[in-house]
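Peer 1: Based on what follows, work out the 3D shape:
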Amino acid sequence: DARVLVDRAQVECLNHRLEYEDCPSVSYVARFLGDVALSYTMREDARPFGVSMVLSGFDLLTKSPDPSKPPPKKYPIPRIFLVEPSGMYQEWKAIAIGRSSPALMQYLEKNYHGNIKNAEGLSIEAEQRFLGELALAALMEVSKVTHNTVEMAMQTADGGCRILMEDEVKVFLDNLERQAEVDRDAAYDAGLLNRNVGGGGFVC
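Peer 2: Residues are numbered from 1 along each chain as shown. Next up, the predicted model:
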């Protein structure tokens, strides 16, 4: 199902570029896939698609928040859309799908804005580190994560989408472990944690 939808999206993007000599926006592709998925829910000779899809990319900002002022200089903004088998599509700041998505979404809703605020004004590399560690920290809430059991990709406006090497993922995980140790020590010093003498660890 996913392969069929991806093929349809690729063909539509090529047709759009040939006709308009410009790349389609992420929202356009999400709307197209939503229409395709919706059409299969109304057909008697085919079943609906059994897969949700996450689309990500960059669109150029073209609208000014103040209509009385001229539009600002165009710049790429990241966009993420979730397309459901029902044909519904929706834009998100962060999204998780799959078996453990409710727990992951709860973690992201709690921690996303704090990480974004910490990354404001920093370099692209720093933003990638903050967001990469946020994604891994969310996964660690529901499963055991190591550098060779998870696959990560980073997407930038200039570099496109790139799958990270295992060593790069390990750097993120090492940073998270160091931060966790700092948080545990701070909680212990504040009296929020007591040492479990028998087990040699921490207990709440």
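
Peer 1: Just the endpoints, please. Distance across stretch 158-165?
Peer 2: 19 Å (CA to CA, to the nearest Å).

Peer 1: and it, which residues are buried?
Peer 2: residue 164 (16 or more other CB atoms under 10 Å). In this view, the C-beta of every residue, glycine as well, is placed from N, C-alpha and C.

Peer 1: Can you list the neighbours in contact with that stretch?
Peer 2: Residues outside stretch 158-165 that contact it (CB atoms under 8 Å, 6 or more residues apart in numbering) are 132, 151, 152, 153, 154, 155.

Peer 1: Now, those that are in helices?
Peer 2: residue 132 (DSSP state H).

Peer 1: buried sites along the top helix by length along the chain?
Peer 2: In the chain, assigned by DSSP H, the helix with the most residues is helix 166-189. Neighbour-count burial for helix 166-189 flags 169, 172, 173, 176 (criterion: 16+ other CB under 10 Å).

Peer 1: out of those residues, which one sits closest to residue 109?
Peer 2: Using CB to CB, residue 176 is the member of those that lies nearest residue 109, at 19.1 Å.

Peer 1: Please list all residues in contact with the closest one.
Peer 2: 133, 136, 137, 140.

Peer 1: Put the alpha carbons of stretch 12-27 into PDB.
Peer 2: Provided in PDB are the C-alpha atoms of stretch 12-27 (Å, rounded to 0.1, in the frame of the first residue of the first chain):
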ATOM      1  CA  GLU A  12       2.000  13.600  -9.600                       C
ATOM      2  CA  CYS A  13       5.100  15.600  -8.500                       C
ATOM      3  CA  LEU A  14       6.700  15.000 -11.900                       C
ATOM      4  CA  ASN A  15       3.500  16.000 -13.700                       C
ATOM      5  CA  HIS A  16       3.200  19.200 -11.600                       C
ATOM      6  CA  ARG A  17       6.800  20.100 -12.300                       C
ATOM      7  CA  LEU A  18       6.400  19.600 -16.100                       C
ATOM      8  CA  GLU A  19       3.200  21.600 -16.200                       C
ATOM      9  CA  TYR A  20       4.100  24.500 -13.900                       C
ATOM     10  CA  GLU A  21       7.900  24.300 -14.000                       C
ATOM     11  CA  ASP A  22       8.000  24.400 -10.200                       C
ATOM     12  CA  CYS A  23       8.100  21.900  -7.400                       C
ATOM     13  CA  PRO A  24       4.700  21.200  -5.700                       C
ATOM     14  CA  SER A  25       4.400  22.200  -2.100                       C
ATOM     15  CA  VAL A  26       4.300  19.700   0.700                       C
ATOM     16  CA  SER A  27       0.600  20.700   1.400                       C
END
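
Peer 1: Buried residues of it, list them for me.
Peer 2: 12, 16, 24, 25, 26.

Peer 1: In CSV: the residues you listed, plus distance to residue 92, pLDDT and secondary structure.
Peer 2: As requested, the buried residues of stretch 12-27 are exported to CSV (distance: CB to CB, whole Å; pLDDT from 0 to 100; DSSP: H, G, I helix; E, B strand; the rest coil):
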residue, distance to residue 92, pLDDT, secondary structure
12, 22, 96, helix
16, 23, 95, helix
24, 19, 93, coil
25, 16, 92, coil
26, 12, 94, helix
